[in-house]
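Novice: Please find the sequence and the predicted model below.
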Amino acid sequence: MKKINSFLFAVVAFCLTAPVFTSCSDDDKNENVTKIVNNIVSEYSYNDSIVAAQKAKSKKDVAVLLVAFGSTWNNAFLAFDKTKAAYEKAFPNADVYVCFSSDICINRASAGENKDDNGKIVKRDYYEPRYLLHAIGAAKYGKIYVQSLQVIPGEEFAAVVASVKKFMNNGFIASAHLDDAYLAKLADDEAIFLGMPLLNDPEKDVPEVAKQLNALYSSEAQQGVVAFMGHGNPDTYDTFKANVRYEQLEKALQKYNKNYFVGTVDMPDNYKQDVMARMQEQNINSGKVYLHALMSIAGDHAHNDMAGGALEDQDEEEYWDEEEPESEDNSWFEFFKYYKYEPEVPLAGKHPLGLLELEGVLNVWIEHTKKAEFLEDAYHSMYPEE
Amino acid sequence: MRKSPFCAARVLVAVTASISLATPVLAQDTLRTNRLEEVVITGTGTLHRLKDAPVQTEVISRRMLDSYGGKSLEEILSGLTASFAFSEGDMGSQMQLGGLGNSYILILIDGKRIHGDVGGENDLGLIDPQNIERIEIVKGAQSALYGSDAMAGVINIITKKHTEAGIYADNSTRIGSHNDLRQHNTVAIALGKFTSQTNFQLQRNDGWQNTAEEWAEGMVLTDSKNKTVNEFRNWQIAERLTFKPLSDLELYAEGSYYKKNILRPRNGSHPSCDVYTYDLRYNNASAAVGGKWFLSDEALGTQRNYITLDADWNKHAYYYDYTARTYEYVLLKGEEFGDLNGEWYSVANLPGQSKLQSDQQRAMAQLKGIFYLPAENILNAGAEYRYDYLNAPDRTETGTADDWTAALYVQDEFNQLGWLNVTAGLRLVDNRNFGFRLTPKVSAMLSAGDFRFRVGWSQGFKTPTVKELHYRYLHVMGSSTFFNIGNVNLNPQTSNYFSANLEYRGRKFAASVTGYVNKLDNMIALVNVPVGEIPPGITTAYLGDGSDNVQARMYKNMDDARTYGIDATLSYQVMKELTLTTAYSYLDTEAHLYDASKDRMNTVTIDGTAHHKWSAAATYSHTFCPRYKLGINLSTRGSSTRYYQNNGNGKAFQIWRINTTHDLGKSGKTLTYRLELGVDNIFNYVDRTMHPYHLGNNTSGTTVNATFTIKFNAGKRVKNHISSTKQHFNNEED
């Protein structure tokens, strides 16, 4: 009986004890917070030292930050190299920095080696916009241009705007605040500028980009359809209603030639099947379809979503969803091929080109930077009572 | 006051240790040398001759393990059965049984479930192959005892235990190609009522690369540094103490610590596919106490009824060890962050720093009893309580998540007719989120001479795991990046498993054929979702952290899946010294996936499944003199094409392997020695399909290995295992 009692007691005690588990301790949490704070502060100083060294070397007082989403592809890195070089030429008095908003792209680009245009292995470092802005502030550049390398003024551009505003409001960890007087002077001198995305202004930018694209592709448009593939914001996130730029661009291009079409990967009602429907409305039911990327660089989307099946020279067959030709998993190339068109992806070397690689289009971005407007009302003193 | 699950678990273990009784040490003393005397426990929780097991059970015996000389559980399961398929991933082993993956396979060590997964993959490195006594496999959710979530089946690994009086020690060192090292040590001491057993293991392999080709950046790169299998090293130490204060009472306490590092290539040059900025590390720890109490009066000679109580705590923590500066998007929470409080921010982790990704902890208690009732009934009843706790600061919304599940089960084996055994079980599960669910299991066995005919039906019920509900993370695999998202709206998965088996087991010849259908509903899988479906709170993280080709995937209930299969095994003892065995497995799968964006049902093959798998072996052994015994095991295994929805199918393969054993020194002496020499993949088969397309098999080609084992045995009684275990066996059964 004694054994049974102790046994039952064991069961009861266990059932009472078992659920007594609490969450992560406060100590752990504090330790973690301290570690994160330290890592952020040390990263500020790491970026500060790089920029300070550059400024000391160049002795320039103007900084240009180009902010892109980023890539891990070497052909994209080459495009960024050329963009940086073009900016250095256009802004001979400025230090030019390329920033990525994607963490993974920064991490991998800086840890890997890449080949430059001459096949030489180079190491590339791209910067995180907020850390680089801190470094530029710490180096006290007298004039700063922040240029968005986005195509449309959508959500990614909004993040760029937020970063610059945060910078002007000294939005950093307290122990790493910038000299507030310096920020006040930037504001007083009207020396902080924000350059808009490529298709920002429907009245000026859209016709200008159409003109540049037509200059490059008018001969293709005479032989068949020229279809551009943009990214587009998926419906829920079309925060700035920026998707409309693709439709505006198509209209502008069609003033040159009815064979121009502009579709997207992610914008509702403007996928590849919608592009084909618009082609068919014009009785274009066969013939050549030249595919081009309407993205700043030609990375994964351009190669897989647009050109998938056109580039492969290996045994593996390109994936094809038979049940639904318009499936997002089927590339534009395979899609148009399926519908008896003759799709073609014009290549420069082994890759399609991104917009930054088209000189006329890159100049539109450079002009945006040159004409960038002063970012008004961004600065608010940390010490309003003074 | 610092309160953590760890502390609570220690208190819990201490409290229970002081008052608890009993363990299922049912299996350790069942070393068989005769195939007919093979006993199994997994299907019913009671000991049966394999031949008479009411639930169809596949056994990998000590003898098979000894002659095969497998270096890992993966190698053993894939080489000695035809039921499993493996593909080694970054995170662990992607294992399939009957077409279903890790999360449907319950792996038990001595009846206790192993703990922890990363990306749904278990780390089988936790299991030291040198410490395995035998392995039992029961397919489908057929056992009421272990949880209805074992929809694919149960693998019960029964470990070696040295409980006889005296001192025992062994050392086994295995070296092989790719700088492979497997070190195993045991020290066991038995003094009066106490025993202590300490095990240590160390495993290391430099990994290998089958191809330098990789499809990335829209072209074939020819200098990829991605390996087929990454370099890893792990070690484990485990201690088990037992105390037998009374003749009818056994108590035990055990604990273990395990560490594994997976080292990824550092010399990659392509940021798109072979550059890594962190390595992976796992830390596991466990503690358990329990006991076994025999209820019957020993004087009656029927010491059979018993009750066991087990309580255990397990921890599986997963870390990134940074090897280069790595930005990660983190939601800053705390006043210390000043203006940045509440913002998603890129935080750099520096080389040498580590960061916890997830810490899964589990506390379990199990109470069970086995009662031999009148009219040839064996009643098996028990209760189980399980608490799961997840600490993942950056991978869950609030940093932590938890869950509990309680279960009651009862099973009766009815054997009065002699020629008919009916085993019926019920398991009642109560889950915090999903309430009560009753799952029945029934099996029946007809006996006629050496023939057995078995049929079984069982229902399975699997609630979504804490990770499936709450976890989210960026999963980078070479050139592909996925954002995997938990889903709090998931429903439990259910299954119905039907099987029929015909078996003949004679003295020299044994054959078995089993057909089964497993129907799963509400199967949970990671499916691609458009960006618009990502919950608003984490969109920022996704957008900020992503590469240029991130695919968002969310855990969702698929509609249904079916697997059909036939398993057959043959064994023939040609002569006393030569045995031939073969196994074949046919599998067909069909899953229906509802595609919400297109409002249609897709029919797909379950990834990684092959229609045909087979294995065969010839085992020869001969004692030339009392001081030398030779063993030769020649075996082959193969698979037809493995099917995948994306990235190509895996090629069919067949691989041959030879292992020789050389036992030196008289058995029963204080010191005995064994040398093993083996060649795996004799004909140098290598699948050189480029990354990231699927391989049928990730073997590196021909590898060689050598093992040297010394056993020291002082003061232990030399027992006749066969007679002693037979006696025990008879006590249990007849």
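Specialist: Structure received. Worth saying up front: this structure is predicted, and the values here are computed from it rather than measured. Residues are numbered from 1 along each chain as shown, chains lettered A, B, ... in the order given.

Novice: helix/strand/coil for residue 135?
Specialist: Using chain A here. helix (DSSP: H, G, I helix; E, B strand; the rest coil).

Novice: Tell me who's in contact with it.
Specialist: A:Tyr44, A:Asn47, A:Asp48, A:Ile50, A:Val51, A:Ala52, A:Tyr127 (Cβ atoms under 8 Å, 6 or more residues apart in numbering or on different chains). For the C-beta atoms, the positions are set from N, CA and C on the backbone; glycine is no exception.

Novice: so the fourth one is in which element?
Specialist: Following DSSP states H and E, one finds A:Ile50 within helix A:26-58.

Novice: Does anything pack onto the next helix or strand after that helix? Which helices or strands?
Specialist: Toward the C-terminus, helix A:26-58 is succeeded by strand A:62-68 as the next helix or strand (DSSP H and E). On a contact count with 3 or more Cβ pairs under 8 Å, 6 or more residues apart in numbering or on different chains; DSSP states H and E, strand A:62-68 meets helix A:74-90, strand A:94-100, helix A:129-139, strand A:143-148.

Novice: Run the angle between strand A:62-68 and strand A:143-148 for me.
Specialist: 10 degrees (axes from the mean of the first three to the mean of the last three Cα atoms, to 10 degrees).

Novice: which stretches of the stretch 51-200 of chain B form helices?
Specialist: Assigned by DSSP state H, counting those that start in this stretch, the helices in the stretch 51-200 of chain B fall at B:62-68, B:73-80.

Novice: quick one: which of those is nearest chain A?
Specialist: Chain A lies closest, by Cβ to the nearest Cβ, to one member of the helices of the stretch 51-200 of chain B: helix B:73-80, at 26.0 Å.

Novice: hey, C-alpha coordinates of that closest one in PDB?
Specialist: These are the backbone C-alpha positions of helix B:73-80, laid out as PDB (Å, rounded to 0.1, in the frame of the first residue of the first chain):
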ATOM      1  CA  LEU B  73      21.900   5.400 -38.700                       C
ATOM      2  CA  GLU B  74      21.200   6.700 -42.200                       C
ATOM      3  CA  GLU B  75      23.600   4.100 -43.700                       C
ATOM      4  CA  ILE B  76      22.100   1.300 -41.600                       C
ATOM      5  CA  LEU B  77      18.400   2.100 -42.400                       C
ATOM      6  CA  SER B  78      19.100   2.600 -46.100                       C
ATOM      7  CA  GLY B  79      21.300  -0.400 -46.400                       C
ATOM      8  CA  LEU B  80      19.400  -2.900 -44.300                       C
END
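
Novice: Please name every helix or strand in contact with it.
Specialist: So helix B:73-80, by 3+ Cβ pairs under 8 Å, 6+ apart, packs with strand B:58-60, helix B:62-68, strand B:84-88, strand B:93-97, strand B:132-139, strand B:612-625, strand B:628-639.

Novice: Can you name the residues in contact with the fourth one?
Specialist: By Cβ under 8 Å, 6+ apart, the list of residues contacting strand B:93-97 from outside reads B:74, B:77, B:83-88, B:101-102, B:104-105, B:121-124, B:137, B:139, B:152-153, B:155, B:608-609.

Novice: I'd like the distance from that strand to the chain centre, please.
Specialist: What separates the centre of strand B:93-97 from the centre of its chain is 9 Å, taken as Cα atoms, centre = their mean, to the nearest Å.

Novice: what is the orientation angle of it with strand B:84-88?
Specialist: 160 degrees.

Novice: what's the average pLDDT for strand B:93-97?
Specialist: Strand B:93-97 shows a mean pLDDT of 84.

Novice: re earlier: angle of the helix holding A:Ile50 against helix A:129-139?
Specialist: Going by the same axes, to 10 degrees, helix A:26-58 makes 60 degrees with helix A:129-139.

Novice: any residue of helix A:26-58 up close to chain B?
Specialist: Yes - using Cβ under 8 Å from any Cβ of the partner chain, helix A:26-58 reaches chain B at A:26-28, A:32-34, A:36-37, A:39-40, A:42-43, A:46.

Novice: Check which helices and strands that helix sits against.
Specialist: Against helix A:26-58 (3+ Cβ pairs under 8 Å, 6+ apart) you get strand A:94-100, helix A:129-139, strand B:344-349.

Novice: mind checking which helix or strand residue 252 is in?
Specialist: You didn't pick a chain, so chain A it is. With DSSP H and E as the test, A:Ala252 turns up in helix A:244-254.

Novice: Oops, wrong one, chain B.
Specialist: B:Tyr252 is part of strand B:249-263, with elements assigned from DSSP H and E.

Novice: Would you indicate which residues of that strand are buried?
Specialist: B:249-256, B:258, B:260-263 (16 or more other Cβ atoms under 10 Å in any protein chain shown).

Novice: could I get the residues you listed as TSV with distance to chain A?
Specialist: Formatted as TSV, those follow (distance: Cβ to the nearest Cβ, whole Å):
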residue	distance to chain A
B:Leu249	8
B:Glu250	13
B:Leu251	11
B:Tyr252	14
B:Ala253	14
B:Glu254	17
B:Gly255	18
B:Ser256	21
B:Tyr258	22
B:Lys260	23
B:Asn261	19
B:Ile262	17
B:Leu263	15
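
Novice: which one of these sits closest to A:Gln282?
Specialist: Minimum distance to A:Gln282 across the buried residues of strand B:249-263 is 56.2 Å, recorded for B:Ile262 (Cβ to Cβ).

Novice: Now do the end-to-end distance for stretch A:65-78.
Specialist: Its first and final residues considered, stretch A:65-78 spans 17 Å by Cα to Cα, to the nearest Å.

Novice: tell me the mean pLDDT over it?
Specialist: 92.

Novice: on that earlier part again, out of the residues of helix A:26-58 next to chain B, which are buried?
Specialist: By 16+ other Cβ under 10 Å, the residues of helix A:26-58 next to chain B give A:Asp28, A:Asn32, A:Val33, A:Ile36, A:Val37, A:Asn39, A:Ile40, A:Glu43 as buried.

Novice: Identify the residues contacting the fifth one.
Specialist: If you count contacts by Cβ under 8 Å, 6+ apart, A:Val37 has them with A:Ile173, A:Ser175, B:Glu336, B:Phe337.

Novice: Give me the below-cutoff pLDDT ranges for the stretch 251-400 of chain B.
Specialist: B:296-303 (pLDDT under 70).

Novice: what's downstream of the longest strand anywhere in chain B, the next helix or strand?
Specialist: Taking DSSP state E as the criterion, chain B has its longest strand at strand B:354-373. Using DSSP H and E, the helix or strand that follows strand B:354-373 in sequence is strand B:377-391.

Novice: how about that following strand: buried residues?
Specialist: B:378, B:380-391.

Novice: filter these down to the ones close to chain A.
Specialist: Answer for these near chain A (Cβ under 8 Å from any Cβ): B:Tyr385, B:Tyr387, B:Tyr389, B:Asn391.

Novice: thought the first one was touching B:Asp312?
Specialist: Meaning B:Tyr385. No - checked against Cβ atoms under 8 Å, the pair B:Tyr385 and B:Asp312 is beyond contact range at 11.4 Å.

Novice: Kindly point out which residues are neighbours of both of these two.
Specialist: B:Met364.

Novice: The host helix or strand of B:Ile655 packs against which elements?
Specialist: For B:Ile655, the host element (DSSP H and E) is strand B:653-664. Strand B:653-664 makes packing contacts with helix B:62-68, strand B:628-639, strand B:671-680 when contacts are defined by 3+ Cβ pairs under 8 Å, 6+ apart.
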